[in-house]
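Enquirer: turn this into a structure:
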Amino acid sequence: MTGGEIGHLKRSNLPPLKYIREFRAKEIELKEGDKLDAAVFVVGEKVDVSGTSKGKGFAGAVKRYHFRGGPKTHGQSDRCVVLVPVVPQPTPGRVYKGTRGPGQYGQ
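Expert: Next up, the predicted model:
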């Protein structure tokens, strides 16, 4: 939590929270520190909710796209999860867009 968020909690007499979310309300009159629960909404009312997924960092192609990897036998003990080269040589000499490989996994 940042210092500003801690200041909001102190003014509202709330304990430290794990998450603080901000939202826009059109017709509901809420004050700072009021609790929001399901009683505010009417049955059948539409609520627009969005969120972000967990970031999972940089991952290899086997974890990211469930590629099989190489064989576990015939002396390949150190290359079982390595993706084979995807650059077709010599033409076009580049990687096609959308080629699945290692990179950012998650949001």
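Enquirer: got the residue ranges for the helices in this protein?
Expert: In the chain, the segments counted as helices under DSSP state H are 3-12, 61-65.
Enquirer: tell me who's in contact with residue 6.
Expert: Contact analysis of residue 6 by Cβ atoms under 8 Å, 6 or more residues apart in numbering lists residue 16. C-beta coordinates here come from the backbone N, C-alpha and C atoms, glycine included.
Enquirer: cool, and the one 3 residues further on?
Expert: Contacts for residue 9 were tallied using Cβ under 8 Å, 6+ apart; they are 15, 16, 17, 20.
Enquirer: next, work out how far apart the third one and residue 8 are.
Expert: Translated: residue 17. For residue 17, the distance to residue 8 (Cβ to Cβ, to the nearest Å) stands at 10 Å.
Enquirer: give me the more crowded residue out of those two.
Expert: residue 8 (15 against 12; other Cβ atoms under 10 Å).
Enquirer: quick one: that one from residue 82, how far?
Expert: Taken as Cβ to Cβ, the span from residue 8 to residue 82 is 49 Å.
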